[in-house]
Structures are given as C-alpha cells and as structure tokens.
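Enquirer: one predicted model, sequence on top.
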Amino acid sequence: MAYMVKHKEKLYTYKFWLLSLSSFFFFASFNLIIPELPDYLTSLGGGDHKGLIIPLFTLTAGLSRPFSGRLTDTIGRIPIIIYGVFVCIIAGFLYPVMTTVLGFFALRLVHGMSTGFKPTATSAYVGDIAPESRRGEAMGILGMFGSLGMAAGPAIGSWVAMHFGYSWMFYCSSGFALLSILVVLNMPETLIAKEKFRWSLLKLKRKDILEPKAYPSAIAMLLTAFSFGTVLTLIPDLSTHLGIANKGIFFSIFTISSLLVRIVSGTLSDKFGRVPIIIAGACMYSFTMILIGMAANAGAFYVGAFLFGVASGLTSPTIFAWTIDLADTMRRGRAMATMFIALEVGIGVGGVISGYSYDNNPANFIISFAISSILALSAVVYLVRYQLIRRRQATDRK
C-alpha cells in the first residue's frame, strides 16, 4: 500500500488549513454539550449516575478505534472523517428525543463512535501531508484549532441552554458538526492505493487492534488522560459548588491557555525531543490536579483551569507527533488508533473512578483529583525510565 511520504518543507497548505478548520468545528460540536449534561441527566432522573456520562462516550470511542485505524489505512482518510462527523450530526438531533435515562446512555454510546473515527483519520491525513521535520509543529497547530473548538463549544452550549433550552443546545451541536464536514467534502485523498469498502475489512486480526510500536506514547497518553476524565466529569459540579453559574467558563479558560501553549509546544518538541516535553506536561498535570481539588474560591479554580490548559497544550500535540514518529509509514492509522484507545481508556476510567469516588459529596473532590495527580506522576516515572533505557541501548550499540 502506497502513501504520499515525500513532501516539500511547506506545511501551511490549503489542505492543512481546511483540516484544522474542520477540527475546530468538530471539537466544538461534541464539547458544546458537556457542561450541561450532568444537569440534563439529573432532569431525566439519573443524577446518581453522572459518572457514566463521559465513560460511556469514551467506551465506544475506544472500541471503534481499531476499526477506524484499519479502515483509515485501507479505504482512505476522507471517508472515515465524513463518517465520524455524520454520527455527531445524527446524535445532536436524537438527544431531545431520548427522554429516558436508558435512552440517554444508549445515545452516549452511539455518540462516542464519532471521536473513534474522525480524529484518527484527521491525524493520519496530517501525518501524510506534514514535512517530517515539522511534524510536531503540524500536530500542535491542528491541536490548537481543536482547542479553539473546545474553548468555544462549552461557553456557547451553556449560553444556549440558559437562554433557549437543552433542545436548541443539542441542535447547535449538530450544526457545528455539519460545518466540520462541509469544509472537507472536496479534499483530495492522500491514501493512493485505496480499497473499496467491504464487510470483511471489519474482521479484525490481532495486529489490527493495537500497534506495538505505539505502546510508549499510548502509555503516556493513558496515564495523563485520566486527569482529563476527572475534569470532564467533576468540573460542572465543582463549578456549581463554588457558585459559578456558567459551567463552561473553566473549559474555556483551560482551552485558551492550551491553545497558547500549543502554538509553541510542537515546535519545542521538534527541537528538544518529544519525551522531555511530555514529562514537563505530566508534572504540570500532577500539580494542577491537587490545586483544582483544593480550590475554595473562583480565583483558585480559574488558576487551576489555566494551568490545566498548559499541561494539556504540552502533552497532547507532542504525544500525537511522537506516535507518528514511532509508527511505520504504512501503519500510521493503526498507530494513531492505538494511541487514541489509550486516550479513551484514560478518560473513561478517570470519569468512572472520579464520579464514584466523588459520590455527590463536595468533601470528596480532593480525593478524586488526588488520584489523578498520582497517575500523572506515574507517567513521569515511566517516561524517565523509558529515556534511561533508550540511552543505555544507544550506548550499548556504540
């Protein structure tokens, strides 16, 4: 199977900007509803199960990654991008119809497939068109646009829900998803030797599920993504506890700070290496989780949001670029899928453990965030050990 792997050093092409714009709309779409989902679930009578809102979404996202990885490497990047966005569009129109707790959770499962497909194919596409020497920069800019979407989405969603109700919030989510698909409809495919879709492609072999070469980046993602699952699950309730009406403000602050850091983090990882930048981000995650868990007022809460964005801005684009570095050219889709599986598992497990350790008791906030802090610190230990082993191996070869 052939790929376009030789490129000029030019990065900022129209194809790159269209992909980035599509990511902005896509991330805005499904993040738009997150701050209001705990209250919406409570209105349906499922307030005791808030801890399942994020994990159920990430469950199907993770389960669909092996399929999206293989299909991305066989039928092409663009069809998988379109399919992932299409799921988002449909989900937004179905939320107002699913008015039972069971129906809501069933839809969360379906909705999760969108992030199982779209980001995998988008990342592989960027890996195809970005010069190798600027890959970290490319992933940083792509992530920056996703961060902009994550910043805009929650604030817009909370505002729409407050003024027009939940139904229009969900319809707005579908609208953003539609925009993300319109900008890539005429994009050229980068996978040259494409295959037509056939059902046999969904029969996965063991080698199609996980890409071993991507394990180091996947482990780093798993341990740091736990913090993200905790934030997505508990920040709405912590906002309410601190008397903050718009639950999207935290998400906007952390995403804007992440955006600012992503502008330079990819370039820094191109210059100084992926692992040192990820270590710095993991240290920041560990510190920030304690800070947020102990926040007693809006000021400390917002400082935590800003620093959480710094941690995210350092780690996410760097791990993405590292995954592409580690992968064979012909298995980039599978490698990205492996890393995204780790992301979904980390977010999902983080959501479950934080939700149930919190148990609707504000006194337990610090416990939930401390668990995330410990796991982020364990990522630092793993990466330092990884670096030492790699250096020892390099010395032995000499």
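Expert: Yep, that arrived.

Enquirer: select the longest helix from the chain.
Expert: The single longest helix within the chain, with elements called by DSSP state H, is helix 365-397.

Enquirer: same for it, what does it pack against?
Expert: helix 215-241, helix 274-293, helix 332-358 (3 or more CB pairs under 8 Å, 6 or more residues apart in numbering; DSSP states H and E). C-beta here means a position set from N, CA and C on the backbone, and glycine is covered the same way.

Enquirer: residues of that helix that come out buried?
Expert: Under the neighbour-count criterion of 16 or more other CB atoms under 10 Å, helix 365-397 has 365-366, 368-373, 375-380, 382-383, 386 buried.

Enquirer: do stretch 244-258 as well
Expert: Buried-residue list, stretch 244-258, by 16+ other CB under 10 Å: 244, 246-258.

Enquirer: in strands, which of those fall?
Expert: Per DSSP state E, strands hold no members of the buried residues of stretch 244-258.

Enquirer: that older thread, now the longest helix of the chain and helix 215-241, what's the angle there?
Expert: Angle, helix 365-397 to helix 215-241, by axes from the mean of the first three to the mean of the last three CA atoms, to 10 degrees: 160 degrees.

Enquirer: pLDDT averaged over helix 365-397 - what is it?
Expert: If you average the pLDDT over helix 365-397, you get 91.

Enquirer: same thing with stretch 180-189?
Expert: Averaged over stretch 180-189, pLDDT sits at 87.

Enquirer: span of it from start to end?
Expert: By CA to CA, to the nearest Å, the extent of stretch 180-189 from end to end equals 17 Å.

Enquirer: could we number from 20 for the rest of this?
Expert: In the new numbering, first residue 20, that becomes stretch 199-208.

Enquirer: who's in contact with that stretch?
Expert: By CB atoms under 8 Å, 6 or more residues apart in numbering, the residues outside stretch 199-208 that reach it are 34, 37-38, 40-45, 48, 95-97, 100-101, 104-105, 107-108, 137.

Enquirer: quick one, which of those residues are buried?
Expert: 34, 38, 40-45, 48, 95-97, 100-101, 104-105, 107-108, 137.

Enquirer: my read is that Ile390 contacts Tyr377, right?
Expert: No. With contact defined as CB atoms under 8 Å, Ile390 does not reach Tyr377; the gap is 10.5 Å.

Enquirer: give me every residue that touches Leu223.
Expert: Leu223 neighbours (CB under 8 Å, 6+ apart): 85-86, 89.

Enquirer: from these, pick the one nearest Leu167.
Expert: When these are ranked by distance to Leu167 (CB to CB), Phe86 comes first, at 28.5 Å.

Enquirer: and the helix or strand harbouring that closest one, how far out from the chain middle?
Expert: Secondary structure assigned from DSSP states H and E places Phe86 in helix 72-91. Centroid separation between helix 72-91 and its chain, computed with CA atoms, centre = their mean, to the nearest Å, is 12 Å.

Enquirer: mean pLDDT lowest where, among the helices and strands packed on helix 384-416?
Expert: Taking the mean pLDDT of the helices and strands packed on helix 384-416, helix 351-377 comes last: a mean of 86.

Enquirer: would you mind getting the angle between the helix or strand that the helix holding Phe86 is followed by and helix 351-377?
Expert: The helix or strand immediately downstream of helix 72-91 is helix 96-113, counting by DSSP H and E. Going by the same axes, to 10 degrees, helix 96-113 is angled at 30 degrees with respect to helix 351-377.

Enquirer: immediately after helix 96-113, which helix or strand?
Expert: helix 120-148.

Enquirer: for that following helix, packing partners?
Expert: Looks like helix 120-148 contacts helix 33-50, helix 56-62, helix 72-91, helix 96-113, helix 154-183, helix 317-345, helix 351-377 (3+ CB pairs under 8 Å, 6+ apart).

Enquirer: now do that helix, average pLDDT.
Expert: Averaging pLDDT along helix 120-148 yields 88.

Enquirer: now that helix and helix 154-183, what's the angle there?
Expert: Using the same axes, to 10 degrees: helix 120-148 against helix 154-183 is 150 degrees.

Enquirer: next, the buried residues of helix 120-148.
Expert: Those would be 120, 123-124, 126-127, 129-148, for helix 120-148 by 16+ other CB under 10 Å.

Enquirer: now swap in stretch 211-220 and tell me
Expert: So, applying 16+ other CB under 10 Å, buried residues of stretch 211-220: Leu220.

Enquirer: now that stretch - C-alpha only, CSV.
Expert: Taking C-alpha atoms only, stretch 211-220 is exported to CSV below (Å, rounded to 0.1, in the frame of the first residue of the first chain):
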residue,chain,number,x,y,z
ILE,A,211,-3.1,6.4,-3.0
ALA,A,212,-3.9,2.6,-3.2
LYS,A,213,-7.4,2.8,-1.8
GLU,A,214,-9.7,-0.2,-1.5
LYS,A,215,-13.4,-0.3,-1.7
PHE,A,216,-15.3,-0.9,1.5
ARG,A,217,-16.2,-4.5,2.1
TRP,A,218,-17.6,-6.1,5.2
SER,A,219,-14.5,-8.3,5.6
LEU,A,220,-12.5,-5.2,6.5
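
Enquirer: so how far is that stretch from its chain's centroid?
Expert: For stretch 211-220, the distance to the chain centre is 27 Å (CA atoms, centre = their mean).

Enquirer: repeat that for stretch 348-356.
Expert: Relative to where its chain is centred, stretch 348-356 has its mean C-alpha point 17 Å off (CA atoms, centre = their mean).

Enquirer: can you show me the CA trace of it as PDB?
Expert: Provided in PDB are the C-alpha atoms of stretch 348-356 (Å, rounded to 0.1, in the frame of the first residue of the first chain):
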ATOM      1  CA  THR A 348       4.500   4.700   7.400                       C
ATOM      2  CA  MET A 349       2.100   2.000   6.300                       C
ATOM      3  CA  ARG A 350       0.600   1.600   9.800                       C
ATOM      4  CA  ARG A 351       0.000   5.300  10.800                       C
ATOM      5  CA  GLY A 352      -3.700   4.900  11.000                       C
ATOM      6  CA  ARG A 353      -3.400   1.900  13.400                       C
ATOM      7  CA  ALA A 354      -0.700   3.600  15.400                       C
ATOM      8  CA  MET A 355      -2.900   6.600  15.900                       C
ATOM      9  CA  ALA A 356      -5.800   4.300  16.700                       C
END
